[in-house]
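**Student:** Structure for the following, please:
(one chain, ligands or ions: 1)
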Amino acid sequence: MKIGFIGTGVMGNAIASNLIKAGHNLWVYNRTKSKTDNLVAAGATWCDSPQAVVNAAEIIFTMLGFPQDVEQVYYGEKGIFAADVAGKTLIDMTTSQPQLAQKIAQTGQELGAKVLDAPVSGGDVGAKNATLTIMVGGLQTVFDECKPLFDAVGSKAQLFGPSGAGQNTKMANQIMIAGTMTGMSEMLVYAQGAGLDLQKVLDTVGAGSAANWSLSNYGPRILKEDYTPGFFSKHFLKDLRIALDTAQAMGLDLPATKQAKQLYEKLVDEQKLGNLGTQALVKLWWK
Ligand code: NAP
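**Tutor:** Residues are numbered from 1 along each chain as shown. All right, here's what the predicted structure looks like:
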């Protein structure tokens, strides 16, 4: 299949690699060109704009950082919608705003394109190992057509409803992660304060009813003082802001998520550590 891939950072690069491994032909674009070098070496073709990617491919994935990046790549000069998108399928995997997903779907529909929002969970490890969980919004027929591609990069893909439903599911996921990240950080700070053997604590707590993905994936990185991303703290703060804004629009109050957002604001905005992984939250207590 002729596949376009725009945004080849931590997640996009690994996902695009898995699509090449699955036998697909790829046309790629990224703001920093060097992040496509390994893909071009594996057989992908470099394009010099999102518009050029759409011209070459039938199904186009985007995996960008922030909603403003998504706006630019879809609506900007030489962007996706500057090309003839009629008959093409556009899949945004960025964690972004549900309302932006709806706007892109509306524009796509007017121009004859099929559109899905398909954010993912499973981290850098899930992207590399093709074990991502993919949360999709859009039409059932389009989801069914794209399911083999989702299966090539993930272990679970689920349609949740119309456009924006994938992003809303991802926000639900991030609200849960807010709890596991703050819980893990305070658990470690407490265990250290009590003079416990932290490796033993991780092994034991991780085997009981407090077991969770954040603990098993990020706990060991913290003990090795490895704060590389993984998942950028600046991106998690972006997610918490989207979740809280969307919740507010629904008339919902999420006080624990608000607290997590304030902690990540301290890390990202005050301490300027947004380019570290989300596990760096523990640094607020642990110097
Ligand atoms: P990343 O490494 O920063 O990748 C984003 C890529 O998009 C970068 O390579 C960036 O280019 C590119 N980009 C941004 N704006 C662009 C533009 N206008 N034109 C072309 N390329 C552009 O981030 P990531 O970790 O892969 O995360 C991507 C998304 O997935 C985020 O929304 C994140 O919240 C979400 N997510 C991440 C994880 C994780 O564990 N990492 C897990 C689930 C979901 P540059 O190289 O020039 O910066």
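**Student:** Please make it C-alpha for all contacts and neighbour counts, starting now.
**Tutor:** OK.
**Student:** Now the biggest helix by length in the chain: buried residues?
**Tutor:** Criterion DSSP state H: the longest helix present in the chain is helix 165-193. Within helix 165-193, the residues that count as buried by 16 or more other CA atoms under 10 Å are 165-171, 174-175, 177-182, 184-185, 187-189.
**Student:** packing partners for it?
**Tutor:** The contact analysis (3 or more CA pairs under 8 Å, 6 or more residues apart in numbering; DSSP states H and E) places helix 165-193 against helix 98-110, strand 114-117, strand 132-137, strand 154-161, helix 198-205, helix 213-223, helix 233-249, helix 255-265.
**Student:** Not counting its neighbours along the chain, what's nearest T94?
**Tutor:** Excluding its sequence neighbours, the residue lying closest to T94 (CA to CA, 6 or more residues apart in numbering) is M63, at 4.6 Å.
**Student:** The residue lying closest to S121 once chain neighbours are set aside: what's it in contact with?
**Tutor:** For S121, ignoring the flanking residues on the chain, the nearest one in space by CA to CA, 6+ apart is T133 at 5.1 Å. Shown in contact with T133 (CA atoms under 8 Å, 6 or more residues apart in numbering): 120-122, 154-157.
**Student:** Now for the residues you listed: which two are most distant?
**Tutor:** G122 and A157 (12.0 Å; CA to CA).
**Student:** Report pLDDT for the residue nearest to S121.
**Tutor:** Among the per-residue scores, T133 holds a pLDDT of 98.
**Student:** do the same with the one 4 residues further on
**Tutor:** G137 is assigned a predicted lDDT (pLDDT) of 98.
**Student:** If it is in a bridge, with which residues?
**Tutor:** Beta-bridge pairing for G137 (DSSP bridges): D117, G161.
**Student:** residues in the stretch 1-150 of the chain within reach of the ligand, list them.
**Tutor:** 7-12, 30-32, 63-66, 69, 72-73, 94-95, 120-124 (CA under 6 Å from any ligand atom).
**Student:** Any stretches of the protein with poor pLDDT?
**Tutor:** 287 (pLDDT under 70).
**Student:** at 90 instead, please
**Tutor:** 286-287 (pLDDT under 90).
**Student:** what's the neighbour count on L26?
**Tutor:** Under the neighbour criterion other CA atoms under 10 Å, L26 is assigned a count of 26.
**Student:** Tell me both backbone torsions, phi and psi, for the residue in the stretch 151-287 of the chain that the ligand sits nearest to.
**Tutor:** In the stretch 151-287 of the chain, the residue that lies nearest the ligand is F231 (3.6 Å; CA to the nearest ligand atom). The phi/psi pair for F231 (degrees, to the nearest 10) reads phi -120, psi 110.
**Student:** Quick check: it touching T278?
**Tutor:** Yes: F231 is in contact with T278 according to CA atoms under 8 Å; the separation is 5.9 Å.
**Student:** picking up where we left off before, for the closest residue in space to the residue of the stretch 151-287 of the chain closest to the ligand that isn't next to it in sequence, give me its contacts.
**Tutor:** Once flanking residues are discounted, F231 sits nearest to G277: 5.1 Å by CA to CA, 6+ apart. The contact partners of G277, by CA under 8 Å, 6+ apart, come to 227-233.
**Student:** I222 too?
**Tutor:** I222 neighbours (CA under 8 Å, 6+ apart): 279-280.
**Student:** rewinding a little: now render the contacts of T133 as TSV, adding distance to T257.
**Tutor:** Converted to TSV, the contacts of T133 look like this (distance: CA to CA, whole Å):
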residue	distance to T257
V120	20
S121	18
G122	20
G154	27
S155	28
K156	26
A157	26
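**Student:** Quickly note the distance from V85 to D245.
**Tutor:** 31 Å (CA to CA, to the nearest Å).
**Student:** okay, those two: which has more neighbours?
**Tutor:** V85 (23 against 14).
**Student:** Hmm, E110 and that one touching each other?
**Tutor:** No: at 10.1 Å, V85 and E110 do not qualify as touching, with contact defined as CA under 8 Å.
**Student:** so how many other residues sit close to the residue of the stretch 151-287 of the chain closest to the ligand?
**Tutor:** Other residues near F231 number 19, with proximity taken as other CA under 10 Å.
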